[in-house]
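Chemist: Could you work out the structure for the sequence below:
(one chain, ligands or ions: 2)
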Amino acid sequence: MTKKPYVISNVGMSLDGKLATVNNDSRISCEEDLIRVHKIRANVDGIMVGIGTVLKDDPRLTVHKIKSDKNPVRIVVDSKLRIPLNARVLNKEAKTIIATTEDSDEEKEKKIKILKDMGVEVVRCGKGKVDLKKLMGILYEKGIKSILLEGGGTLNWGMFKEGLVDEVSVYIAPKIFGGKDAPTYVDGEGFKTVDECVKLELKNFYKLGEGIVLEFKVKK
Ligand SMILES: NC(=O)C1=CN([C@@H]2O[C@H](COP(=O)(O)OP(=O)(O)OC[C@H]3O[C@@H](n4cnc5c(N)ncnc54)[C@H](OP(=O)(O)O)[C@@H]3O)[C@@H](O)[C@H]2O)C=CC1
Ligand SMILES: Nc1nc(O)c(N)c(N[C@@H]2O[C@H](COP(=O)(O)O)[C@@H](O)[C@H]2O)n1
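Modeler: Ligands and ions are numbered 1, 2, ... in the order given. The predicted structure follows:
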């Protein structure tokens, strides 16, 4: 495989592995954990989310919980270019890259032009869905050598399935959300057998605020 950025996957989840409630309330991390996450943000070249997270959370994806003189590049994986032009991730606080497919129609090309005029970079790889392996190669070539992957569950699945995640850190809040339709840490179709699944090596764990942080390396 061509060179790729080092990818750290981080989420805040309930004890039952949910990223949000059935009504999409995702306020899981305590303040101490958000500060931990922002320290990671301040030390990576890019922060990546899927379009589902942008549509549901309207995140800023900047370092705003601690002092920092730089913001990483924001990367949104968005095959059909569903991103609203007033999304906060498109504001001027940091550079943004939208990764979309090579598929083309008049409306999509018009939106790409508008985004480019707003100063947003658009990269294109894959058909139907963004080709995440190719995207990693493109980002690496652009100087993005480390990425904090911040979800959600569908993009997390895509990244784990392709073997693109190197490190995992999760904050587990002492809460149970329940709900079979509530988003989980890794959604998608899932691995069929335990043999196929992603294996992790526990590196560290500690209590933080009311919850616990677990840190793993992905076994390759
Ligand atoms: N607690 C936490 O730490 C966090 C919670 N969340 C929560 O997660 C939920 C959002 O998760 P979810 O809806 O799964 O959205 P995601 O952010 O995972 O975005 C998923 C979308 O990304 C696009 N995509 C494009 N290419 C790919 C690919 N190759 N593989 C996977 N996805 C691809 C798809 O849309 P398309 O085909 O249109 O491109 C897909 O539907 C929200 O409730 C949010 O609050 C999110 C992050 C962190
Ligand atoms: N670490 C963590 N804990 C939670 O409880 C969360 N809900 C999230 N969400 C992620 O952070 C994004 C919001 O970022 P901004 O504060 O707007 O910069 C959100 O979109 C998720 O990716 N993370």
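
Chemist: contacts and neighbour counts: CA atoms only from here.
Modeler: Fine.

Chemist: Just to check, G188 is in contact with W157?
Modeler: Yes. Judged on CA atoms under 8 Å, G188 makes contact with W157 at a distance of 5.5 Å.

Chemist: Settle it for me: which of these two has more neighbours?
Modeler: W157 (19 against 13; other CA atoms under 10 Å).

Chemist: For I40, give me phi and psi.
Modeler: Torsion angles at I40 (phi, psi; degrees, to the nearest 10) stand at phi -70, psi -50.

Chemist: Show me which residues of the chain are close to ligand 2?
Modeler: Residues of the chain lying close to ligand 2 (CA under 6 Å from any ligand atom) are 11-12, 26-29, 34, 37, 53, 57, 59-62, 150-151.

Chemist: at 8 Å what do you get?
Modeler: 10-13, 19-20, 25-30, 33-34, 37, 49, 53-54, 56-64, 150-152, 170-171 (CA under 8 Å from any ligand atom).

Chemist: Give me the subset of those residues that also touch ligand 1.
Modeler: Contacts with ligand 1 within the residues of the chain next to ligand 2, as defined by CA under 8 Å from any ligand atom: 10-13, 19-20, 25-29, 49, 53-54, 56-57, 150-152.

Chemist: Type out the ChimeraX command that picks the buried ones from these.
Modeler: Those of those that count as buried under 16 or more other CA atoms under 10 Å are selected in ChimeraX with:
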select :10,11,12,13,19,20,26,28,29,49,53,54,150,151,152
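
Chemist: I'd like to know which of the ones next to ligand 1 among the residues of the chain next to ligand 2 are part of helices.
Modeler: Counted as lying in helices by DSSP state H, out of those, are 53-54, 56-57.

Chemist: Specify which member of these is nearest to P183.
Modeler: T53 (10.7 Å; CA to CA).

Chemist: Test my guess that A182 contacts K18.
Modeler: Yes. Counting by CA under 8 Å, A182 does reach K18; the two are 6.3 Å apart.
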